[in-house]
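**Q** Here's my sequence, what's the structure:
(4 chains)
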Number of protein chains: 2
Amino acid sequence: MAEHEELQAMRLLIDLLADKWTIAVLASLCGGGGAQRFNAIRRAVPTISQKSLVTCLKRLERNGLIERVVMTTGELAVEYRVTPLGRTLDDPVAALLQWSAMHSPAVRAARHTFAERVAADAGAWGREPLAAA
Amino acid sequence: MAEHEELQAMRLLIDLLADKWTIAVLASLCGGGGAQRFNAIRRAVPTISQKSLVTCLKRLERNGLIERVVMTTGELAVEYRVTPLGRTLDDPVAALLQWSAMHSPAVRAARHTFAERVAADAGAWGREPLAAA
DNA sequence: CCGTATCCCACGAGATACTG
DNA sequence: CAGTATCTCGTGGGATACGG
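**A** Numbering: from 1, shown residues only, chains lettered A, B, ... in the order given. The predicted structure follows:
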């Protein structure tokens, strides 16, 4: 799978994608042709909080995946756009997407099996172990 | 990139891989031919704590990616082995690995650029803003 | 050897209120 | 419109000690 330092490099990418909103934000950005304004993203990802969106955007910017562009029109307007580096995420994200489509049902099934097995184990030696606590 | 429900399925996979140790543990398991004993994994991933390893293994088991096998020899011995479902992770993980190899230097470079830019912005309007706090 | 139990801290993230 | 500032809570994870 991987040997030693590759793991560390991979953590970098995983940490990039792992937080709760990054993928959704990126999807919104790409959906908007690669650029969106702050509140447009908020509307596209309705359940995100302001704070989380700001944090998320800052991280993406810090890592060079998106760019923050202050528009020079009269009103205050800021646009976020995906950089070329950000575009390169398409490949790994596509791989994740494909795996999810193919195997996530199996994972859900495994969870149910596991839950039942645990319940059976609990029932095998005594009733209501939780009540004893 | 992705539209609506795919995101939720992807979260499942990301959550699987996101915690600090899963990838390393999986790598150790695969390195051991697909099966390793508890303390063998610990030695392979020296900086992990007992607690974290237990937690990590439980999650992997719960999601059907590995199997816990109690050996029926005299001494207490437990082996963890990758399931067929677990093997299917090779594809997405390989994609992550490849991206990391190709682009992680660019991310690190972006971080430095960003840090310098921030420092320049800070220096432009006043010295030692941190000292003021 | 293979864990469980407890304490403790850091951090992600929601809610809410305020500013340029 | 595009943020910043606090508060608070839940959880991940390290350290340590104990149990089967």
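**Q** and the longest helix seen in chain A, does that touch chain B?
**A** Counting by DSSP state H, the longest helix found in chain A is helix A:90-125. Yes - using Cβ under 8 Å from any Cβ of the partner chain, we find that helix A:90-125 touches chain B at A:90-104, A:106-111, A:113-114. Bear in mind the C-beta positions are built from the backbone N, C-alpha and C, glycine included.
**Q** Around DNA strand C, pick out the residues from chain A.
**A** Contact residues (Cβ under 7 Å from any atom of the strand) of chain A with DNA strand C: A:19-21, A:47-52, A:55-56, A:76.
**Q** Quick check: of these, which has the highest neighbour count?
**A** Among the residues of chain A next to DNA strand C, residue A:56 has the most neighbours (other Cβ atoms under 10 Å in any protein chain shown), with 21 neighbours.
**Q** Excluding chain neighbours, what is closest to that one?
**A** Nearest non-adjacent residue to residue A:56, counting by Cβ to Cβ, 6 or more residues apart in numbering or on different chains: residue A:21, 4.9 Å away.
**Q** which stretches of chain A have low pLDDT?
**A** Within chain A, the segments meeting pLDDT under 70 span A:1-2, A:122-133.
**Q** Return the set of buried residues in stretch A:62-79.
**A** By neighbour count on 16 or more other Cβ atoms under 10 Å in any protein chain shown, the buried set for stretch A:62-79 is A:62-67.
**Q** which one of those is nearest residue B:12?
**A** residue A:65 (22.6 Å; Cβ to Cβ).
**Q** wait, doesn't the closest one sit right on residue A:86?
**A** Yes - with contacts counted by Cβ atoms under 8 Å, residue A:65 reaches residue A:86, the gap being 3.8 Å.
**Q** which neighbours do the two share?
**A** Both residue A:65 and residue A:86 are contacted by residue A:26, under the criterion Cβ atoms under 8 Å, 6 or more residues apart in numbering or on different chains.
**Q** quick one, phi/psi of the most centrally placed residue in chain A?
**A** Centre of chain A computed as the mean C-alpha position; nearest residue by Cα atoms, centre = their mean is residue A:23, 4.1 Å away. As for residue A:23, its main-chain torsions (degrees, to the nearest 10) stand at phi -60, psi -40.
**Q** Same question for residue A:68.
**A** phi -100, psi 120.
**Q** on that earlier part again, got the contact list for the residue nearest to residue A:56?
**A** Going by Cβ under 8 Å, 6+ apart, residue A:21 touches A:45, A:48, A:52-53, A:56.
**Q** Look up how far residue A:58 lies from it.
**A** 12 Å (Cβ to Cβ, to the nearest Å).
**Q** With residue A:8 instead?
**A** As judged by Cβ to Cβ, residue A:8 and residue A:58 stand 23 Å apart.
**Q** I'd like the contacts of residue A:21 laid out as CSV, including secondary structure.
**A** Listed next are the contacts of residue A:21 as CSV, based on DSSP: H, G, I helix; E, B strand; the rest coil:
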residue, secondary structure
A:45, coil
A:48, coil
A:52, helix
A:53, helix
A:56, helix
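**Q** between these, which is nearest chain B?
**A** residue A:45 (9.5 Å; Cβ to the nearest Cβ).
**Q** give me the number of residues near the closest one?
**A** Using other Cβ under 10 Å: residue A:45 sits among 17 other residues.
**Q** What's the separation between it and residue A:113?
**A** From residue A:45 to residue A:113 the distance is 33 Å (Cβ to Cβ).
**Q** Report whether the helix or strand residue A:15 falls within contacts DNA strand D.
**A** Residue A:15 is part of helix A:5-18 when elements are defined by DSSP states H and E. No - among the residues of helix A:5-18, none lie within reach of DNA strand D under Cβ under 7 Å from any atom of the strand; the closest is 9.5 Å away.
**Q** Report the buried residues of that helix.
**A** Residues of helix A:5-18 classed as buried by neighbour count (16+ other Cβ under 10 Å): A:6-7, A:9-14, A:16-18.
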